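Novice: this one's sequence-less:
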């Protein structure tokens, strides 16, 4: 389910570090980066045949489970520049028009995702403790 959709510019990893437009879809699980000419991902359906491997490789998913932080670097001119820091230390630079608020939206969804994971972990621990503490029947 898309929380936010639109265009973001991502700095390339290469020597020139060019800004490349990406169509982005923010979900409750992460951020999808789609090249602008690429068709949108189809809605999840069971009866659909698998897509060929090549086009799917072009779509990048930055999953919140692998994301550490979103750092707002600076506001300059009409752009806000921010960096997504992944768990393995990789940094991905983005920029967007200030009024689009992508950095805030990504941060909010990431925090909500991490909170949901923490709640699930606590519930799981409590269930294990209750199971261990429950009296067992006669032996």
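Specialist: Structure's in. What do you need? Please read these numbers as outputs of a predicted model, since none were measured by experiment.

Novice: for this protein, just list every one of the helices.
Specialist: Under the criterion DSSP state H, the chain contains helices at 53-58, 102-133.

Novice: nearest to residue 92, of those helices?
Specialist: helix 102-133 (10.9 Å; CB to CB). Bear in mind the C-beta positions are built from the backbone N, C-alpha and C, glycine included.

Novice: center of the protein - which residue?
Specialist: Central residue of the chain (CA atoms, centre = their mean): residue 30, 2.1 Å from the mean position.

Novice: okay, and the beta partners of it?
Specialist: Judged by DSSP bridges, the bridge partners of residue 30 are residue 63.

Novice: wait, it touches residue 60, no?
Specialist: No. Applying CB atoms under 8 Å, one finds residue 30 not in contact with residue 60, separated by 9.9 Å.

Novice: what separation do you get for residue 124 and residue 29?
Specialist: 19 Å (CB to CB, to the nearest Å).

Novice: which one of the two is surrounded by more residues?
Specialist: residue 29 (15 against 10; other CB atoms under 10 Å).

Novice: got the phi/psi numbers for the more buried one?
Specialist: Main-chain torsions, residue 29, degrees, to the nearest 10: phi -110, psi -20.

Novice: surely it and residue 64 touch.
Specialist: Yes. Counting by CB under 8 Å, residue 29 sits close enough to residue 64 to count as a contact (6.2 Å).

Novice: anything in contact with each of those two?
Specialist: Residues touching both residue 29 and residue 64 (CB atoms under 8 Å, 6 or more residues apart in numbering) are residue 113.

Novice: of the helices of the chain, which stretch is the most buried?
Specialist: Most buried of the helices of the chain, by mean neighbour count (mean count of other CB atoms under 10 Å): helix 102-133, with a mean of 13.
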